[in-house]
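Asks: would you be able to build a 3D model of this:
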Amino acid sequence: MVEKEIKTAYISYTNFYDYDNSSYSIGGVQTYLRNLIELFLNQGFKVVFFQLYNYDFDIELDGFVIHGRFFNSKKKESLFSLIEATLKQNDIIVFGSENFSVSATQFNSIVIQHGIYWDLNFKFLNLSKPYRLLPNTISRLLLHRKLIKNFYNARFQVCVDYNYLNWLRTKGCFPKVNVITNFTRNDETINPEFINQKHNSAVVKILFARRFVEMRGVKLFLELIKILDNRYPNVEFTFAGEGDLYSEIEKLKFSHKITITKFDQTESLEFTKQFHISVIPSLGSEGTSISALEAMAVGTSVVASNVGGLTNIIVDSYNGLLCQPSKNSFLKSVSLLIENRNLRINLSQNALRLAKTVYSKNLWQKKWIELINQIQNES
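Replies: I've put the predicted structure just below:
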């Protein structure tokens with residue numbers, strides 16, 4: 001009897017596993033890829049992950065292999081050459097983002113685009129010197145051209161929101177792109193009765209579960225807290241995460257109502273469900289935010305900036321509130337939710353229905369399996 005050949009899914013991304021600290025890197029892309037790895041394994045694939053690192057390492061964990069490699073130059077190209085050397089006809093290559101892709105249209109390859117990030121001020125984009133020297137308008141045109149080219153380096157394209165798809169159309173591209181939004185796991189203990197009881201609390205707990213960096217709206221939220229802390233004695237604030245602005249947040253710990261912590265991604269639903277309001281004040285660079293989706297799944301009301309893919313998952317005044325990424329806009333919306341328990345309940349009930357249907361893991365898996373089967377049938 002001839003053994004069935006095991007297909008391999010090769011996934012390539014810049015940073016995924018922190019070998020020094022024996023832990024997965026934190027971020028929305030990393031979370032997305034971990035779930036994709038699980039799906040490939042369940043579909044009978046062998047999974048091999050290639051990433052950059054400070055030195056070479058190889059490790060096997062959770063049923064798949066990670067190869068970390070160090071290169072002085074042509075980093076993504078060098079990493080891809082390692083994949084290409086062992087590639088078989090029915091294997092699949094996944095580039096974790098368009099910026100880490102190389103030309104591979106001759107293979108069963110996929111590029112994943114995780115949301116527009118170039119809607120930010122150039123100071124956040126870490127662009128190379130040529131872009132910084134040119135006038136802003138010209139730099140952006142050249143950047144857009146490069147981004148589109150990278151997106152089409154693979155045979156198949158995936159993006160996580162319709163915001164990006166519509167941006168492509170404004171550039172004269174009318175592609176067949178697979179839109180597979182982020183998803184949230186669901187907690188079966190969350191139901192309308194739980195939401196009613198949770199929001200009946202006299203204390204209102206507000207959560208900021210984001211990386212502590214400026215583009216995620218940390219400074220905006222810090223300004224907001226200074227006002228809300230004085231205005232509402234019944235409100236408590238929690239920052240959950242890590243990042244460069246940790247020291248700025250620590251300065252506010254003069255108040256016993258402010259907590260700084262972090263949690264493992266596997267504990268995110270259990271952690272988030274203890275809060276009444278989740279604030280997502282990003283200045284830009286958003287896909288379909290996992291933080292927003294998980295808040296929706298556990299009956300926590302969402303107040304978010306009206307940027308990027310957030311406008312795909314939050315329908316203003318139906319399952320959350322959308323704001324301009326400014327202090328005054330967020331102050332108005334967060335104050336409204338603090339003072340209006342019934343509004344919090346209504347938004348949370350509607351959000352829960354969407355989380356269990358439109359943004360469920362089952363639907364996410366179904367769309368990915370359909371794409372994988374399509375690729376296998378066409379190879």
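Asks: what is the burial count for His144?
Replies: For His144, the number of neighbouring residues by other CB atoms under 10 Å comes to 15. For the C-beta atoms, the positions are set from N, CA and C on the backbone; glycine is no exception.
Asks: could you pull up the mean pLDDT of the longest helix belonging to the chain?
Replies: Criterion DSSP state H: the longest helix present in the chain is helix 361-378. Throughout helix 361-378, pLDDT has a mean value of 95.
Asks: contacts for the lowest-mean-pLDDT helix or strand in the chain?
Replies: When the helices and strands of the chain are scored by mean pLDDT, DSSP states H and E, helix 129-133 comes last with a mean of 76. Residues external to helix 129-133 that are found in contact with it (CB atoms under 8 Å, 6 or more residues apart in numbering): 122, 139, 142-143.
Asks: which of those fall in helices?
Replies: Where the contacts of helix 129-133 overlap with helices, as defined by DSSP H, the overlap consists of 139, 142-143.
Asks: out of the residues you listed, which end up buried?
Replies: 139, 143 (16 or more other CB atoms under 10 Å).
Asks: mind putting the ones in helices among the contacts of helix 129-133 into TSV with distance to Gln113 and pLDDT?
Replies: Formatted as TSV, the ones in helices among the contacts of helix 129-133 follow (distance: CB to CB, whole Å; pLDDT from 0 to 100):
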residue	distance to Gln113	pLDDT
Ser139	20	88
Leu142	18	90
Leu143	14	89
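Asks: thinking again about what came up before, quick check: the farthest pair among the contacts of helix 129-133?
Replies: Comparing every pair within the contacts of helix 129-133 by CB to CB identifies Phe122 and Leu142 as the most remote, at 12.3 Å.
Asks: show me the helices in the chain, by range?
Replies: In the chain, the segments counted as helices under DSSP H are 28-42, 75-86, 129-133, 136-151, 162-170, 192-198, 218-231, 246-250, 268-272, 290-297, 310-313, 327-339, 341-356, 361-378.
Asks: turn the ones you listed into a markdown table, columns for distance to Ile260.
Replies: Listed next are the helices of the chain as a markdown table, based on distance: least, CB to CB, whole Å:
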| stretch | distance to Ile260 |
| --- | --- |
| helix 28-42 | 21 |
| helix 75-86 | 34 |
| helix 129-133 | 34 |
| helix 136-151 | 35 |
| helix 162-170 | 31 |
| helix 192-198 | 23 |
| helix 218-231 | 12 |
| helix 246-250 | 6 |
| helix 268-272 | 14 |
| helix 290-297 | 16 |
| helix 310-313 | 24 |
| helix 327-339 | 19 |
| helix 341-356 | 24 |
| helix 361-378 | 30 |
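Asks: which one of these lies closest to Gly115?
Replies: Each of those has some distance to Gly115 by CB to CB; the shortest is helix 162-170, at 6.4 Å.
Asks: could you find the closest non-adjacent residue to Phe95?
Replies: What sits nearest to Phe95 in space, not counting adjacent residues and going by CB to CB, 6 or more residues apart in numbering, is Ser101, at 3.9 Å.
Asks: can you pull the contacts of that neighbour?
Replies: By CB under 8 Å, 6+ apart, the contact set of Ser101 is 76, 95, 111, 150-151, 153-154.
Asks: got the domain ranges for this protein?
Replies: The chain resolves into domains spanning 8-183+360-378, 192-356 when parsed by automatic domain parsing.
Asks: the first one: end-to-end distance?
Replies: Right, domain 8-183+360-378. The first and last residues of domain 8-183+360-378 sit 16 Å apart, counting by CA to CA, to the nearest Å.
Asks: so where is the protein shaky, pLDDT-wise?
Replies: Applying pLDDT under 70 to the predicted model, the residue ranges of the chain that meet it are 1-4, 253-255.
Asks: ok so, going back, which one of the helices of the chain is the most hemmed in?
Replies: Across these, averaging neighbours per residue (mean count of other CB atoms under 10 Å) puts helix 290-297 on top, at a mean of 27.
Asks: residues in contact with Val344?
Replies: No Val there; residue 344 is Arg. Counting by CB under 8 Å, 6+ apart, Arg344 makes contact with 199, 276-277, 301, 337.
Asks: for the closest residue in space to it that isn't next to it in sequence, the count of nearby residues, please.
Replies: The shortest distance from Arg344 to any non-neighbouring residue, by CB to CB, 6+ apart, is to Ser301 (4.5 Å). By the measure other CB under 10 Å, the count of residues near Ser301 is 29.
Asks: could you do the one 3 residues further on as well?
Replies: When neighbours are counted by other CB under 10 Å, Ala304 registers 29.
Asks: thinking it is in contact with Ser291, fair?
Replies: No: because the distance of 9.0 Å does not satisfy CB atoms under 8 Å, Ala304 is recorded as not touching Ser291.
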